[in-house]
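K.L.:
coords below, sequence missing:
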């Protein structure tokens, strides 16, 4: 039974992590993130994958140890923990795929509330699980701050940052072309009107003129 619990918790944690990373693999997602104005203390992109891999390992361990410590009984702490995992996994969908910074921020706020609640009950049920999940609470709080900074720094009027980025990439180069010169025409005859002030004699009995 213990083996099934371990497989179940690690499978749930890393399965939802893979679900979230699917939306970060798109080329357009990487371009979108590079176009954002990031807040202070924003880490390099590769840090997120490293940190979340560690955190999901700790989350799976916390759930496994908690359930084993409580004789395989399902506790409300585990319910809060599963709800947190499901809700937080949708952040990448709204942020990288839908590209909605406000909804992404709300997902982070909800995830932070769920994480705090889950850790509270984990500490009550089994102290070790509470401490194992505590780094996740701290990181989610930090990620919520980052998302709030992104939301504030990347307001582009009625356009999203992604649309502005696409406009800048796809707009054609500006070329100025002078309009062709069409000299005025005589109303009754189809030939240019001559400027008589420019007419002069060549000295050979011929009149020369310039248009």
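P.N.:
That came in fine, so what should we check first? Quick caveat, the model's predicted, so the values are computed rather than measured.
K.L.:
helix or strand for residue 15, which one?
P.N.:
Assigned by DSSP states H and E, residue 15 falls within helix 2-21.
K.L.:
buried stuff in that helix?
P.N.:
By neighbour count on 16 or more other CB atoms under 10 Å, the buried set for helix 2-21 is 5, 6, 9, 10, 12, 13, 16, 17, 20, 21. From N, CA and C alone the C-beta is placed, and that goes for glycine too.
K.L.:
cool, stretch 36-53 as well?
P.N.:
Going by neighbour count (16+ other CB under 10 Å), the buried part of stretch 36-53 is 36, 39, 48, 51, 52.
K.L.:
same list (the residues you listed) but as a markdown table, adding pLDDT.
P.N.:
Converted to a markdown table, the buried residues of stretch 36-53 look like this (pLDDT from 0 to 100):
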| residue | pLDDT |
| --- | --- |
| 36 | 92 |
| 39 | 93 |
| 48 | 92 |
| 51 | 96 |
| 52 | 93 |
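K.L.:
can you put the residues you listed in TSV and add distance to residue 28 and secondary structure?
P.N.:
TSV is the format used below for these (distance: CB to CB, whole Å; DSSP: H, G, I helix; E, B strand; the rest coil):
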residue	distance to residue 28	secondary structure
36	13	coil
39	22	coil
48	18	helix
51	24	helix
52	21	helix
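K.L.:
I'd like the residues you listed laid out as CSV, including distance to residue 128.
P.N.:
Output for those, formatted as CSV (distance: CB to CB, whole Å):
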residue, distance to residue 128
36, 38
39, 34
48, 26
51, 21
52, 21
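K.L.:
quick one: list the elements packing against the helix holding residue 15.
P.N.:
Using 3 or more CB pairs under 8 Å, 6 or more residues apart in numbering; DSSP states H and E as the contact test, the elements touching helix 2-21 are helix 45-69, helix 76-89, helix 91-92.
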